[in-house]
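Visitor: build me a structure from this.
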Amino acid sequence: MSDENLPSFDGLEVGQVVATREVEFTRDTLVRYAGASGDFNPIHYNDLVAEQVGLPGVIAHGMLTMGTAASVVEEWAGPGNVQDFQTRFARPVVVPNPGAAVVTFTATVGALDPELRTARIDVTAEFEGAKVLIKTQALVTCA
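Guide: Predicted structure coming up:
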């Protein structure tokens, strides 16, 4: 892989925001994701079932939320430059009907390794003022 496809290590600083995105998840989003992923669990489309299992309503797929967080980093870093991505789920994203659940993703430089020329990118995902993912980190190869 040539260095021109890698983000530049020079100029990165711990605490620097490298990407942000605000995403709206609607019931249509959930239907499309269910079709693409094969995850047809009724908690992702049926309010009654979601409430019967103790949820406040229909929730977004966890992998949809995580995948969106990863895509924020990948867009900044470029294809193939994310070596590792991990997260923990903190709370569900409740998707209203009608309407949308708005999740804000922010990718920030958490640590830099000058010897390996890698950046740890910390991602926050917030919905209604609370984090829905925690300990979300990507390891990115830099030029």
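Visitor: residues contacting the most centrally placed residue in the chain?
Guide: Nearest to the mean C-alpha position of the chain, by C-alpha atoms, centre = their mean, lies Ala69 at 1.5 Å. Contacts of Ala69 were listed using C-beta atoms under 8 Å, 6 or more residues apart in numbering, and they are 87, 105, 123, 125, 133, 136. To be clear about C-beta, it is placed using only N, CA and C from the backbone, and glycine gets the same treatment.
Visitor: so where's this protein uncertain?
Guide: When the per-residue scores of the chain are filtered using pLDDT under 70, the ranges that remain are 1-4.
Visitor: for it, what's the longest helix?
Guide: Once the chain is assigned using DSSP state H, the helix that runs over the most residues is helix 62-77.
Visitor: hang on, the earlier thing: pick the one among the contacts of Ala69 closest to Gly78.
Guide: Within the contacts of Ala69, proximity to Gly78 (C-beta to C-beta) peaks at Val123, which comes in at 16.3 Å.
Visitor: show me the helices in this protein, by range?
Guide: Listed in chain order (using DSSP H), the helices of the chain are 27-37, 47-52, 62-77.
Visitor: tilt between the first one and helix 62-77?
Guide: The one in question is helix 27-37. Angular relation of helix 27-37 and helix 62-77 on a 0 to 180 degree scale: 90 degrees, by axes from the mean of the first three to the mean of the last three C-alpha atoms, to 10 degrees.
Visitor: which parts of helix 27-37 are buried?
Guide: The neighbour-count criterion (16 or more other C-beta atoms under 10 Å) identifies 27, 29-30, 33-34 as the buried residues of helix 27-37.
Visitor: please tell me how far the spatially closest residue to Thr124 that is not a sequence neighbour sits from Val73.
Guide: The shortest distance from Thr124 to any residue other than its chain neighbours is 4.9 Å, reached at Thr106 (C-beta to C-beta, 6 or more residues apart in numbering). Thr106 sits 11 Å away from Val73, going by C-beta to C-beta, to the nearest Å.
Visitor: look at these two and report which has more neighbours.
Guide: When Thr106 and Val73 are compared on other C-beta atoms under 10 Å, the one with more neighbours turns out to be Val73, at 24 against 17.
Visitor: no more questions from me, cheers.
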